[in-house]
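J.: Sequence and predicted model, in that order:
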Amino acid sequence: MHPLRDVDQDLEALTLQQLLRQIATSGAGLVRKELELARIESRKDVAKQASRLLLIGAIGLAGSAALLLLCAAGVAALGEALGGQYWASALIIGGALAVSATLAAVGVWVQGRPRPLPHTRRKLRAIKQELTWTSPTTAAP
């Protein structure tokens, strides 16, 4: 029974202690519901991001296969242009790929570690504020 929600009950008849207890109970319930809502929203966000990552992985796999085929065709074409020296053309193409991979790795390293999305940071701050607001404070003896 929630006296604060019950219209028929006279709130003036409640003591201050009873009113404070009801406020604390209602506040704790609200925090629990907010935390549950945040969990549900984060699960939805995780599921959405997982599907995007799966799609990105599939695109990366297809792109890698296409790059390998193009490299093989480039080695064959360059080998013909070099008079049948396919080993030299393979070294040239491989060196170009190694240089481009090194430049990409340096670019990623310079950018640093990935940061959480702004939406996630806002949710975490809101949850921390609610927990700080609802945490009991200890009185000095």
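T.: Happy to help now that I have it.
J.: What values do phi and psi take at Leu82?
T.: phi -90, psi 10 (degrees, to the nearest 10).
J.: Tell me, how many residues neighbour it?
T.: 13 (other CB atoms under 10 Å). Where C-beta positions appear, they are placed from N, C-alpha and C, glycine not excepted.
J.: The one 3 residues further on too?
T.: In terms of burial, Gln85 registers 14 neighbours under the definition other CB under 10 Å.
J.: Enumerate every residue touching it.
T.: Shown in contact with Gln85 (CB atoms under 8 Å, 6 or more residues apart in numbering): Gly79.
J.: Next one: it from Ile92, what distance?
T.: As judged by CB to CB, to the nearest Å, Gln85 and Ile92 stand 10 Å apart.
J.: And Leu37, by the same measure?
T.: Applying CB to CB, the value for Leu37 to Ile92 is 58 Å.
J.: Between those two, which is the more surrounded one?
T.: Legend: neighbour count by other CB under 10 Å for Leu37 and Ile92, higher for Ile92 (16 against 10).
J.: What ranges does the protein have for its helices?
T.: All helices of the chain, identified by DSSP state H, fall at 16-81, 86-111, 118-134.
J.: got CSV for these, with mean pLDDT too?
T.: Converted to CSV, those look like this (pLDDT from 0 to 100):
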stretch, mean pLDDT
helix 16-81, 87
helix 86-111, 90
helix 118-134, 79
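J.: All set, thanks.
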